[in-house]
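*Asks:* Build me a structure from this.
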Amino acid sequence: MKHHDHDHAHDATLEELRQALTREFWDERYGGSERVWSGRPNQRLVEQTADLTPGRACDIGCGEGADAIWLAEQGWEVTAMDVSRVALDRTAQHAIEREVDDRVKVGEYDVLAGHPPRKPRHSEGFDLVSAQFMHVPREDFDEVYQRIAAAVAPGGRLLVVGHHPDDVETGARRPHGPGLLFPPEQVLAALGVEGGSSDDWEVEVVDSPVREQETEDGLMRVRDSIVRLRRRQ
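*Replies:* Numbering: from 1, shown residues only. Next up is the predicted model:
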């Protein structure tokens with residue numbers, strides 16, 4: 001599941017926005033094309049993990065597996081999770097093709113199902129949990145990200161990247177639906193991080209940089225929300 005190129009109308013109802021997170025929706029989306037995404041890892045993931053020591057990683061909403069496979073090539077043991085069985089099958093096949101299938105496992109995960117991602121056996125969690133462009137309705141945002149964060153092990157990192165709402169104001173993106181795009185501060189608030197720290201989390205990165213993205217109309221400048229937190233020991 002990767003939501004960064006899927007637009008919703010401003011007048012979409014909450015139920016319609018939630019429907020766009022279901023297995024049925026994404027199985028149909030992936031089933032309609034041999035490849036939906038570029039096959040390249042997300043730029044912000046590459047940047048934000050460059051200084052991390054590989055360990056156990058979880059890629060939430062892995063889509064066709066580009067991020068998970070790239071992490072595996074860097075030495076991470078990766079659990080790639082998505083609501084779509086079609087996406088997971090593609091991730092597994094792409095891992096075989098890139099000869100990293102011994103370091104990539106796949107598993108179904110529905111972000112709205114009400115439970116955290118399953119942790120690795122005999123462990124306290126993952127050393128890295130990555131949620132790239134996981135846009136959910138504002139009504140569900142806090143609980144979804146609290147559950148995702150619960151899978152991070154002590155000393156591990158949570159990396160969240162999303163589209164910044166400024167992109168709609170500048171015309172860089174069409175509306176995704178009310179409340180789907182978010183600033184980095186929204187992630188901090190959801191996890192109870194106030195004033196740059198909390199009892200549970202150390203803030204390592206809070207940023208909203210601009211990058212250039214290729215589109216059918218040429219290059220456009222877009223803004224990303226980036227949050228990287230380290231769970232305290």
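
*Asks:* and I226, helix, strand or coil?
*Replies:* Of the three states, I226 takes strand under DSSP: H, G, I helix; E, B strand; the rest coil.

*Asks:* Who is it paired with across the strands?
*Replies:* I226 has these beta-bridge partners by DSSP bridges: V161, D207.

*Asks:* Could you check how far it is from H163?
*Replies:* Going from I226 to H163 by CB to CB, to the nearest Å gives 11 Å. C-beta: built from backbone N, CA, C; applies to glycine.

*Asks:* next one: E124
*Replies:* Taking CB to CB as the measure, E124 falls 31 Å from H163.

*Asks:* what's the answer for R211, then?
*Replies:* Separation of R211 from H163 (CB to CB): 11 Å.

*Asks:* which of those two has more neighbours?
*Replies:* Taking R211 and H163 together and counting by other CB atoms under 10 Å, H163 has the greater number of neighbours (22 against 13).

*Asks:* Tell me where the protein has strands.
*Replies:* 56-60, 77-82, 104-108, 126-132, 152-163, 201-207, 210-215, 218-231 (DSSP state E).

*Asks:* what do R211 and H163 both touch?
*Replies:* A shared contact of R211 and H163, defined by CB atoms under 8 Å, 6 or more residues apart in numbering, is any residue touching both; here these are 222, 224.

*Asks:* before we move on, back to that, D142: which of the strands of the chain is closest?
*Replies:* Comparison of those against D142 by CB to CB identifies strand 152-163 as nearest, at 12.7 Å.

*Asks:* Noted, bye for now.
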